[in-house]
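[1] no sequence on this one, just coordinates:
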């Protein structure tokens, strides 16, 4: 157990759950990390789609970013209202479920679960993308580095993240500060140079255009760019964690996050335009957009490396927010019976261990499958996030209609507008990204919902089956028939038989004869050491039965014998005593036949409620 | 079970063990395969060592082969005598163990086990070597093909090889025939051309010499070439399988095998000389010596491909002989208590399943570790075989001395000479191959012996501990204290409690409270459905105890409670009833906490003989 203690920390008492409340500044790093870090891959994802336009890509990124920013404001106003209406935390699962019914809730939950897995995967892969831009020699090891970071994040989360408040704040602010400074310097330089600044380090020259501008292409770029908005919902999920006045603090936090995000998106688009920066293809020579941009504005010196390091850190930490959200959502679903019960169990460190492990496995599988390349993951991404946005807004519409009143009416229209905009975005994203990977998400969502309904049905069935037992019947004291296997007469068997005498006077001892001719010895010991003393005491002796086994099977004849008794005496309970040698060391496992285990498994598989299994352990002293 | 039936065949009755006896012709294919197939890699191994001599390597192979042939005759005469002295089968383990004591027996056994693993690995790798010589495009997949062949051989052996008598004879004779024909044609051509025949297809030109001839190099080449003699001992192991007159038939078989082997070795050496054939390096462009030789003599036509196919087959089948020998030796050792008992269990197909699987795993590990390259495996090989030869001969010396008489005296000297020659060879092999890999074998042998002694000590300890039980004590009928965990009052718990009433009147039911406030419900049901009926019947009610668990551990508090009772009542037995939900489908496993399993494991680990575990299963109907 001590290895686990070292890796995961000492167990925590239930009463140690933290009560600490967040102000706006801390709130931005805890709940804003995911949203803010999206700036590191959203614009790049849009530019990647425009690669075929060559130099024109840097031109078209501007109107695309403007539409994304408009959509972002719409979503912002919608979520401000959700915060006000659900001061206890209004996750999409809750809001959609309470207002639109359980199916809508599960739809939002399925979308969000996919979204969280992708947040973790994209966060890590984009962070590693920044790293290999700064250190191109690491490029061949992309997947390996991704997995290593995933393992570290998983271990940290299994410890629980109580102590990491400050650890979150420093990189968040470092990221925001370095990126805003870079953008500011870049903008000043651009204006000083009359719109044509000279890059300190020139970005890779954009290739000649190979395709034409078209609505389809621009819609695709918009869809990819929308990933820049993922994570905006986080504040509304965690309103409860804020300091009084809860609603105001949360709203203030959301406002600051959105303002910073808008500034970053706008700045990146503008500087891409004036510095002619586009996306590069994954593989050798890859350079992330932010790396190109920083190098163009300030050159590759200390500041550049600090910026890249903060991007790597912040993206890894944004993966970390998925590790907080996914287990919490799984727990809600498990408590409602829609996911396996172990997901609702709080582990020794007050975290939901199973949820963390499930997320780590899914995320690891994604990273390996897609080679740790952000660009390939993006098409799967935005669908889940925007579907959850839409369901949440639609739920709010119903919420306001139920509430009634004039103010609610205005609020309803804001959310309705939000729902329409985000719903439209879902359609655009699914349509334009379907072939590239959105089909995976579209297939996964109904599968997950079907799974959740199936699980719920199973639990309902089990609960109904075992509920409302009749009162205990005090006098039903019919002793069971006892059956016990024996290889030879030794101390282990004697101990088992001695226990059997406590249980019943009808005892069947079975010796399976595989042709090794031990039968005579066994019968002799039996008559001397068992039958004689019982006879002398005037008691009925246990019965020895020898079963022939021409195929050398040992388990099957015993199980068949038990089932035969069960058939003959349908009203009797049968207790099968299995004497068991307990080994002191794990390697002794290989030295003995595991027949006791196999026999137990076979009896449980083929048996029924009337057959009870009793392990009488024997502990080796040597 | 039906998948296993298809892959491994129906189970066989013990009485189906075969009684069929072998004549000399069948004996050659069954027991000679290993020895004869060595001709396919022995000369090549020697040539590989001489590569640095360039064209001179084809010259020096002749004297090296001559010394190997002389050694082979010495070994032949020694084993003729072993056959006579041990008509029931005189494996090295038996002969050395009976005459020189158990340590020498184990030394021989350890050497042989290593030897068998290497026979399997080298057989497969050399066969694949022949294959990639004929089809160079397969070369990059060497390891994969090796593993595929290993899997096929393993499956065939798990089925048992009863039906494969003919399957052995055809390829053996095809191999012997094609190779002897090739050699004969080559020799005729060589004499017709006055010692300088023109190759039909020229072998790769031998490179210029880069090293000088030296004793050390020649000794190394001799050591590698000695692998051509491995497998000669097989006949002496299996004398019992021959037709009457047993000894004569076996001796005749051995004679034929050795004569063919000598002819092949001599022919290969001669033709390598006149056609200037040397070894090629592993990797792209690799050509086995036999492939070069056949192509040089007859060209790459149908006959060439038949020859290569028969070499591949025979080498794979020689790996197969290890699959017959290794499990049989492990079984002898397991019966004597020197290896884990499961190795002595005859499986459903009358084969020693565990031994086959252990061999397959070891052989697979070797093939992967050494990339399926014969050349790298050879240095590990000859040590074990020659050590076993030596111990067997030395054992025979003692045997003859004990027998006394004049004839025995002569026989003793033959075996003594054999022992000295093979013993000398062991020294040469270990010295010259130490750095290249013989050190692995030298380290493994004592480790295996230490392991075998350790296992034997364990079994002796266990046997002594459980032997000679006292007779049963008829009246010791003190009912045990019953302990049972409960989450809520439901039908599963009721069933367990009902069984508990049969056992004892002292029943403790434990409810672990992790802070989910179910305690009140539990207490209410308890008083209504348990205490009331018992009270009405005038019987003592089971006792409900609520255990607080601030760390949310469920297992530990129960185990601690049981151990506390055990301390307080050192004379009472304690029966822990664990109600268990039996799932119908494997995937339901993930839907429920496996607490019953964990609790059982924890109780076995921390408990003692007085604590008995009772599983009361509940079967889900839905």
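    The structure has been received and is ready for your questions. Predicted, not measured: the structure shown is a model, and the values here were computed from it.

[2] what sits against residue A:412?
    A:396-397, A:400-401 (CB atoms under 8 Å, 6 or more residues apart in numbering or on different chains). No exception for glycine: its C-beta is placed from N, CA and C like everyone else's.

[3] if I've got this straight, it is in a helix?
    Yes. Looking at residue A:412 with DSSP: H, G, I helix; E, B strand; the rest coil, it is inside a helix.

[4] most neighbours, which of the contacts of residue A:412?
    In terms of neighbour count, residue A:396 stands highest of these at 28 neighbours, by other CB atoms under 10 Å in any protein chain shown.

[5] Now whichever strand or helix holds that one: average pLDDT?
    Residue A:396 belongs to helix A:374-403 when assigned by DSSP states H and E. Helix A:374-403 comes out with an average pLDDT of 89.

[6] show me the contacts for the residue lying farthest from the centre of chain A.
    Centroid-distance maximum for chain A: residue A:536 at 66.7 Å, with CA atoms, centre = their mean. Taking CB under 8 Å, 6+ apart, we find residue A:536 in contact with residue B:474.

[7] Model confidence for it, exactly?
    Taking residue A:536 on its own, its pLDDT is 90.

[8] What distance do you get for it to residue B:444?
    When CB to CB, to the nearest Å is the yardstick, residue A:536 and residue B:444 sit 57 Å from each other.

[9] Ok, residue A:45 next?
    From residue A:45 over to residue B:444 the distance is 56 Å, taken as CB to CB.

[10] Same question for residue A:601.
    Note on residue A:601: its distance to residue B:444, by CB to CB, is 36 Å.

[11] right, and residue A:243 touches residue A:26 too?
    No. Using CB atoms under 8 Å, residue A:243 is not in contact with residue A:26, being 9.0 Å away.

[12] Which one's more surrounded, the two?
    The neighbour comparison of residue A:243 against residue A:26 (other CB under 10 Å) goes to residue A:26, with 20 against 15.

[13] so the more buried one makes contact with residue A:169?
    Yes. Contact status for residue A:26 versus residue A:169: in contact at 6.5 Å, counting by CB under 8 Å.

[14] Not counting sequence-adjacent ones, nearest residue to residue A:209?
    Computed as CB to CB, 6 or more residues apart in numbering or on different chains, the closest residue to residue A:209 that is not its neighbour in sequence is residue A:54, at 3.7 Å.

[15] give the contact list for that neighbour.
    Residue A:54 makes contact with A:206-210, A:278 under the criterion CB under 8 Å, 6+ apart.

[16] at 7 Å what do you get?
    A:206-209 (CB atoms under 7 Å, 6 or more residues apart in numbering or on different chains).

[17] contacting residues for the residue sitting nearest the centre point of chain A?
    The geometric centre of chain A, computed from its C-alpha atoms, lies nearest to residue A:359 (CA atoms, centre = their mean), at 2.3 Å. Residue A:359 makes contact with A:116-117, A:120, A:322-323, A:326-327 under the criterion CB under 7 Å, 6+ apart.

[18] one more time with 10 Å, if that's ok
    A:113, A:116-117, A:119-121, A:150, A:153-154, A:157, A:319, A:322-323, A:325-327, A:330, A:352 (CB atoms under 10 Å, 6 or more residues apart in numbering or on different chains).

[19] Go through the helix or strand hosting it and flag the buried ones.
    Residue A:359 is part of helix A:353-369, with elements assigned from DSSP H and E. Across helix A:353-369, burial judged by 16 or more other CB atoms under 10 Å in any protein chain shown covers A:353-360, A:362-364, A:366-367.

[20] I figured residue A:265 hits residue A:38, correct?
    Yes. Counting by CB atoms under 10 Å, residue A:265 touches residue A:38, with 9.0 Å between them.

[21] Which neighbours do these two have in common?
    Counting by CB under 10 Å, 6+ apart, the common neighbours of residue A:265 and residue A:38 are A:228-229.

[22] Looking at the two, which one has more neighbours?
    Counted by other CB under 10 Å, residue A:265 and residue A:38 do not tie: residue A:38 has more neighbours, with 29 against 23.

[23] Could you find the closest non-adjacent residue to that one?
    residue A:228 (4.7 Å).

[24] coming back round to it: so if I had to pick from residue A:601 and residue B:444, which one is more boxed in?
    Set residue A:601 next to residue B:444 and count neighbours by other CB under 10 Å: residue B:444 wins out with 18 against 12.

[25] Return the residues in contact with that one.
    B:110-111, B:113-114, B:117, B:380, B:383-384.

[26] Might you report the residue contacts of residue A:401?
    Taking CB under 10 Å, 6+ apart, one finds A:99, A:408-409, A:412, A:416 in contact with residue A:401.

[27] make it 6 Å
    Applying CB atoms under 6 Å, 6 or more residues apart in numbering or on different chains, we find residue A:401 in contact with residue A:412.

[28] separation between it and chain B?
    36 Å (CB to the nearest CB, to the nearest Å).

[29] thinking again about what came up before, quick one, which of the contacts of residue A:359 are buried?
    Buried among these by 16+ other CB under 10 Å: A:113, A:116-117, A:119-121, A:150, A:153-154, A:157, A:319, A:322-323, A:325-327, A:330, A:352.

[30] For residue A:509, which three-state class applies?
    The three-state label given to residue A:509 by three-state DSSP is strand.

[31] pLDDT wise, what is it at?
    As predicted, residue A:509 sits at a pLDDT of 93.

[32] That one: neighbouring residues, count only.
    As a burial measure, residue A:509 scores 24 neighbours (other CB under 10 Å).

[33] these two touch, right, it and residue A:488?
    No. Assessed by CB atoms under 6 Å, residue A:509 is found out of contact with residue A:488, at 11.7 Å.

[34] how many other residues sit next to the residue of the stretch 201-350 of chain A found nearest chain B?
    Relative to chain B, the nearest point of the stretch 201-350 of chain A is residue A:340 (4.9 Å; CB to the nearest CB). Counted with other CB under 10 Å, residues neighbouring residue A:340 total 22.

[35] Report the contact partners of residue A:40.
    A:126, A:290, A:311, A:315.

[36] what ranges of chain A fall below the confidence cut-off?
    Along chain A, the model assigns pLDDT under 70 to residues A:1-21, A:160-167, A:347-351, A:475-477, A:516-517, A:622.

[37] if we can go back for a sec, need the contacts of residue A:40 in CSV with distance to residue A:515, secondary structure and neighbour count, can you?
    Listed next are the contacts of residue A:40 as CSV, based on distance: CB to CB, whole Å; DSSP: H, G, I helix; E, B strand; the rest coil; neighbours: other CB atoms under 10 Å in any protein chain shown:
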residue, distance to residue A:515, secondary structure, neighbour count
A:126, 67, helix, 33
A:290, 76, helix, 25
A:311, 73, helix, 30
A:315, 68, helix, 30
